[in-house]
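Chemist: got a predicted structure here, sequence first:
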4 protein chains.
Amino acid sequence: MTEKAPIVTALIQGKDTKGIIATITSWIFDNGGNIVYLDQHTDPVEDMFFMRIRWDMDGFQVAREELDEEFGKVCWRLGMAHRLFFSDRRKRLAIMVSKQGHCLLDILYRWRSGQLEIDIPCIISNHEDLRDMAGYYNIPYHYLTVDKTSKPEQEAKVLEIFREMKVDTIILARYMQILTAKFVHAYRNSIINIHHSFLPAFVGANPYLQAFKRGVKIIGATSHYVTEELDQGPIIYQDVVTVTHRDNVETLKRKGQDIERVVLARAVSMHVENRVLIHNGKTVIFGG
Amino acid sequence: MTEKAPIVTALIQGKDTKGIIATITSWIFDNGGNIVYLDQHTDPVEDMFFMRIRWDMDGFQVAREELDEEFGKVCWRLGMAHRLFFSDRRKRLAIMVSKQGHCLLDILYRWRSGQLEIDIPCIISNHEDLRDMAGYYNIPYHYLTVDKTSKPEQEAKVLEIFREMKVDTIILARYMQILTAKFVHAYRNSIINIHHSFLPAFVGANPYLQAFKRGVKIIGATSHYVTEELDQGPIIYQDVVTVTHRDNVETLKRKGQDIERVVLARAVSMHVENRVLIHNGKTVIFGG
Amino acid sequence: MTEKAPIVTALIQGKDTKGIIATITSWIFDNGGNIVYLDQHTDPVEDMFFMRIRWDMDGFQVAREELDEEFGKVCWRLGMAHRLFFSDRRKRLAIMVSKQGHCLLDILYRWRSGQLEIDIPCIISNHEDLRDMAGYYNIPYHYLTVDKTSKPEQEAKVLEIFREMKVDTIILARYMQILTAKFVHAYRNSIINIHHSFLPAFVGANPYLQAFKRGVKIIGATSHYVTEELDQGPIIYQDVVTVTHRDNVETLKRKGQDIERVVLARAVSMHVENRVLIHNGKTVIFGG
Amino acid sequence: MTEKAPIVTALIQGKDTKGIIATITSWIFDNGGNIVYLDQHTDPVEDMFFMRIRWDMDGFQVAREELDEEFGKVCWRLGMAHRLFFSDRRKRLAIMVSKQGHCLLDILYRWRSGQLEIDIPCIISNHEDLRDMAGYYNIPYHYLTVDKTSKPEQEAKVLEIFREMKVDTIILARYMQILTAKFVHAYRNSIINIHHSFLPAFVGANPYLQAFKRGVKIIGATSHYVTEELDQGPIIYQDVVTVTHRDNVETLKRKGQDIERVVLARAVSMHVENRVLIHNGKTVIFGG
């Protein structure tokens, strides 16, 4: 793996203009790169352009260390923002949980079996319940209690751990605490939450109880990036399951959990594979 | 058909108590009836009992004209409310529409092809757009304009037509007017609406625009009984379809229409087959 | 729990005839039982009657030890076969696996978290790969190699373990061996398999490769009872997931695994809750 | 509309090689074209490259009449096959039907309401049943009986009508006749069929009866291009719907029809929007 040249993935976005694709693909081609993927999207309402492009660094004439600067110049001239990701650099995801383990277990299993190519430097929890599960997978587990008064202090500790551990993405795998704006800012567009309803239906606490009371015939789960406004962040992925009048709050919860974990896992995959662009509170998700 | 004895369908609901099923099934059996269907549901939260039971009137010892009274006595003793429906009596459904014809056409096609065993005595509209479609299917079309001031008058006319036509159920097949409480009361639990969102998300006007702005990855449609509160009535059926960042308001609308008409048709079938019970703002839907 | 009287669930099936429901519900009522659930199905093609009925044993005038005999007499007179299950008697399910752990982990997690109210006396495998997982959940793991010649001998050992452990149901959680007719007969209608395709499409080996080659746009998973004919047993539950031209055999497999485990878990729940009746190679599944 | 320059859509496919995207996008850019869409797919198993690219002809320096030749040269040098489509040139689709009208009505309604931007020069049928429906939409209806002996003759007549009418695509909207290889060859990759099952399950006649007998819990519909082998052509789109033991062949058929028409309409849209590429019996479907 170390011998082989990596694939580089570029995400690009900005005001739409003529010649973006031609300029960028020519630059890559002229420098000896083989494009292995390209997908783009033009939003005519916002007049925005989005692109995901991947090429093989094997024999590429711009050195890896200089790539960001050189590619950045090309994008700058087009008025485009860009980010680069190398296939040999794993993302480092921390997981925050409370008491329920179904989402955590799902992520850990996918990680262990090689489906999720990430590093998981640590798990943070405001409860002790899932320490065993973390232990079985040999991942450091930090137990940090939190209440209204202690939240700033607890979050400061969490951020310190994340800094040390070089965490770049946070998964809230049913972490039942609302994060402060300060925390959210520190990991802008990098905190992925799973909400146990089909947003924007049933925002906030106890969505399964809300769904039961309303008598819906379908329930859902939504994975989204966290912003300061509760459950209002850009939606990455959603799924649903049918229910009937026979379902009570408990069985709604069970059926819901089966989609929660899959929805979260799919969203995490999309993020990890650098397939997600964000603009104006919405996501553009490119094909895998 | 006239020769053959009908099947009778009884819907029963009330506070749960011991011996309901035994009492009712024995009464039917003792009177020579063959039960062809029974489904029941006990709601432990509300402590309510719901049942749908069907039996063959062939050789039944209680005459059809006396059935409601005699069966009513049995239910009364159990503290149960009841309704009876005979398979040889078609429901009479009026359809109210505005400009969009996809739901109307769908119902008319199902009716013409024999899938929906109903009578459609008339179509009411506040626009002329769908008169042709009604004409093709030979159904009287009443054009009655409506605005804020004229609504009471218009609704009075509609109700008069419905009374004359012995209408028992109303389908709002994308009728873009809010009915008054008075109208709703006149057809309590008998007005079926199709709302073009996955309720309770996107209540009110322009749900596809709302969905577009929120950036959801799934849109839906909901069929429900109309109550005084807008889009808050008991939900009968819902379905969803996946969408992507490539969808705009127009394509959301097109994808949505494909589920709107199926969701409405399914809900209408459930109602027509007397499979729906209502309690406390929610429905119990028995199997077909 | 031991103090409280159990709920008894009766499954009944046989040629349809008049008065079955009335006779049975009256017998229960006359003996002081409170019916908490009843669902029935009449198959007019096969002229068969199926019923699931549950009642509270609290204050019931037939003693638990005599119930099977006494209830059996009632059913016998109606020409009906019957089985009884008490809510305080857990089913004992053995799990057979090979190398892949996603279905096993899923069942173990549901069992540990209380969703699946069963006993799991042992796990059998023809590989060592999943011993750790079994260990974490403290379940005895029997490693028994098998090849064509040793299969009769291995199966005999397995059956002996099952007899000792009083196993009544077997879950094949991705056990990649075909069972002999002898083994299948020993656990007739009690072996639940998960097949990684939407049966009857892609019977046999490597369904994801078959699906890839055919270019389908949806893949599925099927849980069914095992019969002598490979992948031909009565289907309990199925689900599907959409795929695209971008999917390769590996990603089809990953997407498929997410539904395999849920489909298997749902089927196991249905079986454990005694909601499944089998007739003529098909299942009748009553609501939960 | 006539004043405005059209958008051109190019479909390109061939053995993968370096620089395809850069070469083509640069050529378009250098000639003053604004690319409004690009999606591509590389199949590493087949080592094939597929691309759909759209650009605005407004101010483009290659004249419309010469575009195919000039663009063809660029593709030829890259070893790529290509096809071009102009947004101001509607496809001409003929529809072939037998007795069932649900798919036909659906297409006609979408066409009339402007969803499907196509011409429908004629409808061919081996029955008279749907003449009325064609009449309502003012489309010529040709009734041509067919049996085993007369098939070559009937097909010859159909092909002659199609030639006269400049038909480029054929929709089999539940046309219950198997076409000869000769006919299929005449419209290779241009005949879209709807099969009323989830292929490859239940190939051939009476899939709903087959599904009923097998006791599946989900049924489906498949739209595919017609090849000489029955129901084996490249799949364009599929969808499914859940069913239960309560469904009989008739209700399976009704539920199935609701997805048949949507699946066919989606497939027709994909074809009409030039989003489908075919290789090796499979389709590549680009986003809308």
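Modeler: Looks like it arrived, so ask away.
Chemist: what residues does the stretch 51-200 of chain A have near chain B?
Modeler: For the stretch 51-200 of chain A, the contact set with chain B under Cβ under 8 Å from any Cβ of the partner chain comprises A:198-200. For glycine as for every other residue, the C-beta is placed from the backbone atoms N, C-alpha and C.
Chemist: before we move on, what SS does residue A:5 have?
Modeler: Using DSSP: H, G, I helix; E, B strand; the rest coil, the structure places residue A:5 in coil.
Chemist: that one contacts residue A:59, doesn't it?
Modeler: Yes: between residue A:5 and residue A:59 a contact is recorded at 7.4 Å, counting by Cβ atoms under 8 Å.
Chemist: neighbour count winner among the two?
Modeler: residue A:5 (14 against 10; other Cβ atoms under 10 Å in any protein chain shown).
Chemist: tell me the confidence at that one?
Modeler: Reading off the confidence values, residue A:5 has pLDDT 91.
Chemist: how about residue A:244, what does it touch?
Modeler: Residues counted as contacts of residue A:244 (Cβ atoms under 8 Å, 6 or more residues apart in numbering or on different chains) are A:217, B:285, C:287.
Chemist: at 6 Å what do you get?
Modeler: Residues in contact with residue A:244 (Cβ atoms under 6 Å, 6 or more residues apart in numbering or on different chains): none are found.
Chemist: what's the domain layout of chain A?
Modeler: Under the assignment automatic domain parsing, the domains of chain A span A:7-86, A:91-285.
Chemist: and the ones you listed, which is most packed in?
Modeler: domain A:91-285 (a mean of 19; mean count of other Cβ atoms under 10 Å in any protein chain shown).
Chemist: any idea how far residue A:261 is from residue A:100?
Modeler: Here residue A:261 is placed at a distance of 10 Å from residue A:100 (Cβ to Cβ, to the nearest Å).
Chemist: by contact count, what packs against the longest helix that chain A contains?
Modeler: Secondary structure of chain A per DSSP state H: the longest helix is helix A:249-272. Secondary-structure packing of helix A:249-272 (3 or more Cβ pairs under 6 Å, 6 or more residues apart in numbering or on different chains; DSSP states H and E): helix A:102-112, strand A:191-195, helix A:207-214, strand A:218-225, strand A:235-242.
Chemist: quick one: closest of the ones you listed to residue B:147.
Modeler: Residue B:147 lies closest, by Cβ to Cβ, to one member of the helices and strands packed on helix A:249-272: helix A:207-214, at 32.2 Å.
Chemist: what helices or strands is that closest one leaning on?
Modeler: helix A:249-272.
Chemist: and the helices and strands packed on helix A:249-272 as JSON lines, adding distance to residue A:166?
Modeler: JSON lines is the format used below for the helices and strands packed on helix A:249-272 (distance: least, Cβ to Cβ, whole Å):
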{"stretch": "helix A:102-112", "distance to residue A:166": "17"}
{"stretch": "strand A:191-195", "distance to residue A:166": "16"}
{"stretch": "helix A:207-214", "distance to residue A:166": "34"}
{"stretch": "strand A:218-225", "distance to residue A:166": "20"}
{"stretch": "strand A:235-242", "distance to residue A:166": "23"}
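Chemist: just to revisit the earlier point, which of the domains of chain A sits closest to residue B:52?
Modeler: Of the domains of chain A, nearest to residue B:52 by Cβ to Cβ is domain A:91-285, at 12.0 Å.
Chemist: so what touches stretch A:93-106?
Modeler: Contacts to stretch A:93-106, defined as Cβ under 6 Å, 6+ apart, come from residues A:118, A:120, A:122-127, A:129-130, A:133, A:162, A:167, A:169-176, A:194, A:257, A:260-261, A:264-265, C:109.
Chemist: what's the answer for stretch A:205-217, then?
Modeler: Residues from elsewhere that reach stretch A:205-217, judged by Cβ under 6 Å, 6+ apart: A:196-197, A:202, A:219, A:249, A:252-253, A:256, B:200, B:235, B:237-238, B:282.
Chemist: pLDDT on it, on average?
Modeler: On average, stretch A:205-217 scores 95.
Chemist: now swap in stretch A:63-77 and tell me
Modeler: Across stretch A:63-77, the average pLDDT comes to 96.
Chemist: next: stretch A:145-158.
Modeler: 95.
Chemist: poorly predicted segments of the stretch 101-250 of chain A, please.
Modeler: Judged against pLDDT under 70, the stretch 101-250 of chain A has no low-scoring part.
Chemist: who in it is up against chain C?
Modeler: A:105, A:109, A:115, A:136, A:246 (Cβ under 6 Å from any Cβ of the partner chain).
Chemist: quick one: residues contacting the third one.
Modeler: The neighbours of residue A:115, taking Cβ under 6 Å, 6+ apart as the test, are residue C:254.
Chemist: perfect, I'm done here.
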